[in-house]
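**Q** okay, here's the prediction I keep looking at, along with the sequence it came from:
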Amino acid sequence: MSLPRRGVDWGSIAGYIILSLVLYLIGAVDALFFLFAVPLQVLYLRKGREQFFAASGLTLMGIALFSLWRTGSLATGELRTLLMFVEIGAALLIIAGVYVVNADWPILRRGLYRLLVATAGAGILSLPLVVVLAGSSEFNALLQNQVKQVLTMLSSSFGSGNSSIASGQNVAQLTSYIRQTILSNYVFAYFLILTGVWRIG
């Protein structure tokens, strides 16, 4: 892989990387983190594959550092490692999907075909991690704790008469539903995300 050598190229790449990381940090709050890939796609279209690879690698390093900092408050190292794998893996799959969609494939001329191939590949590659998440009691406990906090906040906002909203049974049922929904529909969500990034870019 030939990296850009001119200073103007590196300056341009730095701008795309900074914008991607800013969008990632902002989007991490409201589940729009995938928008970080839009500048990378624009870079691919304007500057080519080599500069896209260089910017993507540095962006992934920034996301890894952010994930390391954000998961620092977790008590167990195993859960922290798992969450970092999920976060970095999701970003890597999105970047890989952007490459598949934008690259020139002789047998995949239509964008829809490239989107479907990228989605199928992401589903296959992510399957081992999904299996680990589905069987992780620590991940389930973390998710249940987050659900409990949300229900407690809703309960307090509606008044003390609705404190039963955050009961243990409700928390367990809602956690199970959310986990099942996420694990069952993440491939379709990936397809929508990749399509959105491609169209916006």
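**A** Happy to help now that I have it.

**Q** show me what counts as buried in the lowest-mean-pLDDT helix or strand in the chain.
**A** Using mean pLDDT, DSSP states H and E, the weakest-scoring helix or strand in the chain turns out to be helix 137-158, at a mean of 75. Using 16 or more other C-beta atoms under 10 Å as the test for burial, helix 137-158 gives 139, 140, 142, 143, 144, 147, 148, 151, 155. All C-beta spots, glycine's among them, are computed from the backbone N, C-alpha and C.

**Q** what of stretch 104-123?
**A** 108, 114, 115, 117, 118, 119, 122, 123.

**Q** which one of those sits closest to residue 86?
**A** Among the buried residues of stretch 104-123, residue 122 lies closest to residue 86 (C-beta to C-beta), at 13.3 Å.

**Q** flag the shaky bits of the protein, pLDDT-wise.
**A** The chain contains residues with pLDDT under 70 at 1-8, 29-30, 74-76, 154-171.

**Q** which residues of it fall in helices?
**A** Assigned helices in the chain, in chain order: 7-30, 37-47, 49-70, 77-102, 111-134, 137-158, 168-200 (criterion: DSSP state H).

**Q** and those helices, which is most packed in?
**A** Stretch with highest mean neighbour count among those: helix 37-47 (a mean of 20; mean count of other C-beta atoms under 10 Å).

**Q** measure the residue nearest to the spatial centre of the chain to residue 188 for me?
**A** Centroid check for the chain by C-alpha atoms, centre = their mean gives residue 90 as the closest residue, at 4.0 Å. Remark: distance between residue 90 and residue 188 (C-beta to C-beta, to the nearest Å) = 15 Å.

**Q** what's the answer for residue 152, then?
**A** Remark: distance between residue 152 and residue 188 (C-beta to C-beta) = 31 Å.

**Q** likewise for residue 13?
**A** To residue 188, residue 13 is 33 Å away according to C-beta to C-beta.

**Q** same deal with residue 148?
**A** 28 Å.

**Q** just residue 91 next, same as before
**A** Residue 91 is 19 Å from residue 188, where distance means C-beta to C-beta.

**Q** then residue 10?
**A** Counting by C-beta to C-beta, the separation of residue 10 from residue 188 is 38 Å.
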